[in-house]
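# Pasted the sequence and its predicted model underneath.
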Amino acid sequence: MILTTKVHIAVSTENNVIKNIIIFNALIFLMILFIHFSLMVLKRFFQSSLQKVTVLCLLVCLPSFAQISNNASNEQLKPLFTISCPNFQQTVENYQKKFVVKMENWSSTHLSQAHYQTVFYPFSGPDIVTAMTLYPKANYYVLVADQVPEYAFIRSPEQLKSSSQEFECQMLTNYSRRGYYLTNDLIGKNGPKPRFIKLLIYNLAFAKAQINEVQILSINAEGRIFPLVQGQEPHGVRFLIETKDGRAVTVDYISANISDSGLKNSPHFVKAFERKSQEAVLIKSASHLLQNSYFSTMKTILVERPQWLTQDETGLDIVPLSENYQLQLFGKFITPNRLWEKSPSAQRLAKYYEDHPSNQELPFLLGYEKSGGSMLMIGQRKKSVKE
């Protein structure tokens, strides 16, 4: 009995061992299959991923390397950002009190119904702060003028010269008092030619904005604005900033001759301006240039594209303006600055104001000095029959 039991136990044990071996081998076989198929999947994944990484590097990494010479860190740009004008902070506070606070209050009442993300400001010069104040909800501002920023100072800030600094500081003081720049100051006719890139930076300080990055820009054949890649032609500068209320905002300044002769051979500029002018536009202190026949291309863009347009007397002629926009008039207009007192367009505008008397005051100075004080018009595009 005992032997039988031992044999039974021995046989049972042997059967269990065989069973366990079979199970173990089966598990090993399944594991090998799992590893085999896993390796096949991983191989395909990494081949696909490698292709994706290669494409991404071509699209992102290489352009980034190419941009190193065109963009600089804040530490490198300290000489460019430094403002050495005496009492500059007081100058900014004076400007804020005289212009910004009043413009902000006016805008919150009369432009609060406007919907926009992009603001287009032709003939801007370095005046960033007015656009940011009248259209404070935008996250993208595009300024256009014919002054050329000094790209070399962005690439190599140590080359920055200060020979025109005293004159620039004088310009800023005058700007804080009257709210616009004199063209003869900008072109160096009234003194040393100012560093335009510095004027842009000064104006961001007037808006109490913080600059986080500066890039050199280029516009491609489709009219799209990109950070410059080495070998391309520079067309302007981009500031990535933080506004005084903590919002991340982009400010592009495009250097371009926007007369008909300047745009004739620059269809990429026309495409860019058509795209960027579709929402809100500001025209101020524009030397009445749009009222001349040789600015017809830009005039057509501004007549046909924007949903909202705010301008003083130097912008579009009142005839196409009133035909295409529902207008609100502010301030008074009797006659333009003496330099344009014989302008037929100004005479038409004076007649329009006479026929449509404005009871709405403009509580701040804007634009050129003239009899009757400052004026401003807000235009909202009229709905077409199709709409």
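Received the coordinates, thanks.

# tell me what whichever strand or helix holds residue 119 is packed against?
Here residue 119, judged by DSSP states H and E, is contained in strand 118-122. Using 3 or more CB pairs under 8 Å, 6 or more residues apart in numbering; DSSP states H and E as the contact definition, the elements that strand 118-122 packs against are helix 128-134, strand 140-145, helix 267-276, strand 280-283. C-betas here are computed from N, CA, C, even on glycine.

# and after the strand or helix carrying residue 302, which helix or strand comes next?
Assigned by DSSP H and E, residue 302 belongs to helix 296-304. Per DSSP H and E, helix 296-304 leads on to strand 308-311 as the next helix or strand towards the C-terminus.

# What segments of the stretch 101-250 of the chain are strands?
Secondary structure of the stretch 101-250 of the chain, counting by DSSP state E, counting those that start in this stretch: strands at 118-122, 140-145, 210-219, 225-227, 236-242, 248-255.

# give me the number of residues near residue 276?
Neighbouring residues of residue 276 were enumerated by other CB atoms under 10 Å; the total is 24.

# so who does it touch?
Residues in contact with residue 276, defined by CB atoms under 8 Å, 6 or more residues apart in numbering, are 118, 120, 142.

# give me that answer again for 10 Å
Shown here is residue 276, whose contacts under the criterion CB atoms under 10 Å, 6 or more residues apart in numbering are 118-122, 140-142, 144, 223, 225, 252, 254, 301, 305.

# Distance from the chain centre to stretch 132-152, please.
In terms of CA atoms, centre = their mean, to the nearest Å, the gap separating the centre of stretch 132-152 from the centre of its chain is 6 Å.

# and if you look at stretch 212-226?
The offset between the C-alpha centroid of stretch 212-226 and the centroid of the whole chain comes to 10 Å, using CA atoms, centre = their mean.

# coming back round to it: so which of the strands of the stretch 101-250 of the chain is nearest residue 79?
Closest approach to residue 79 among these (CB to CB): strand 210-219, 12.3 Å.

# now that closest one against helix 267-276, angle please.
Angle of strand 210-219 versus helix 267-276, following axes from the mean of the first three to the mean of the last three CA atoms, to 10 degrees, is 130 degrees.

# Give me the buried positions along strand 210-219.
Neighbour counts using 16 or more other CB atoms under 10 Å place 211, 214, 215, 216, 217, 218, 219 of strand 210-219 among the buried residues.

# Surely the last one touches residue 232?
What it means is residue 219. Yes. Proximity of residue 219 to residue 232 meets the contact threshold set by CB atoms under 10 Å, at 9.3 Å.

# what sits in contact with each of the two?
Overlap between the neighbourhoods of residue 219 and residue 232 consists of residue 226, taking contacts as CB under 10 Å, 6+ apart.

# winner for burial among the strands of the stretch 101-250 of the chain?
Across these, the average number of neighbours (mean count of other CB atoms under 10 Å) peaks for strand 118-122, which reaches a mean of 27.

# What is the subsequent helix or strand relative to the helix or strand of the chain with the lowest mean pLDDT?
Comparing every helix and strand of the chain by mean pLDDT, DSSP states H and E singles out helix 62-67 as the least confident one, with a mean of 33. Secondary structure here is assigned by DSSP H and E; on that basis, the next helix or strand after helix 62-67 toward the C-terminus is helix 78-81.

# so how far is the helix or strand that that next one is followed by from its chain's centroid?
Sequence-wise, the next helix or strand beyond helix 78-81 is helix 88-95, with elements assigned using DSSP H and E. Shown here is helix 88-95, whose average C-alpha point lies 25 Å from the average C-alpha point of the whole chain (CA atoms, centre = their mean).

# Can you give the contact residues for helix 88-95?
If you take CB under 10 Å, 6+ apart as the criterion, helix 88-95 is touched by 83, 85, 87, 100-101, 129, 169, 172-173, 175-177, 179, 202-203, 205-208.

# Just the buried residues out of these, in ChimeraX syntax.
In ChimeraX, a selection of the buried entries from the contacts of helix 88-95 looks like this (16+ other CB under 10 Å):
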select :83,85,100,129,169,172,173,175,176,179,202,203,205,206,207
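
# isn't residue 319 right up against residue 347?
No. Judged on CB under 10 Å, residue 319 makes no contact with residue 347 at a distance of 11.8 Å.

# just to revisit the earlier point, partner strands of the strand holding residue 119 and their direction?
In the sheet containing strand 118-122, the strands it pairs with under DSSP bridges are strand 140-145 (parallel), strand 280-283 (parallel).

# So for that strand, mean pLDDT?
For strand 118-122, mean pLDDT is 98.

# how about that strand as CSV, C-alpha atoms only?
The C-alpha coordinates for strand 118-122 follow below in CSV (Å, rounded to 0.1, in the frame of the first residue of the first chain):
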residue,chain,number,x,y,z
THR,A,118,-5.6,92.5,-36.5
VAL,A,119,-5.1,96.3,-36.9
PHE,A,120,-3.5,97.7,-40.0
TYR,A,121,-1.9,101.1,-39.8
PRO,A,122,-0.4,102.6,-43.1
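
# and it, how far from the chain's centre?
For strand 118-122, the separation from the chain centroid amounts to 8 Å (computed by CA atoms, centre = their mean).
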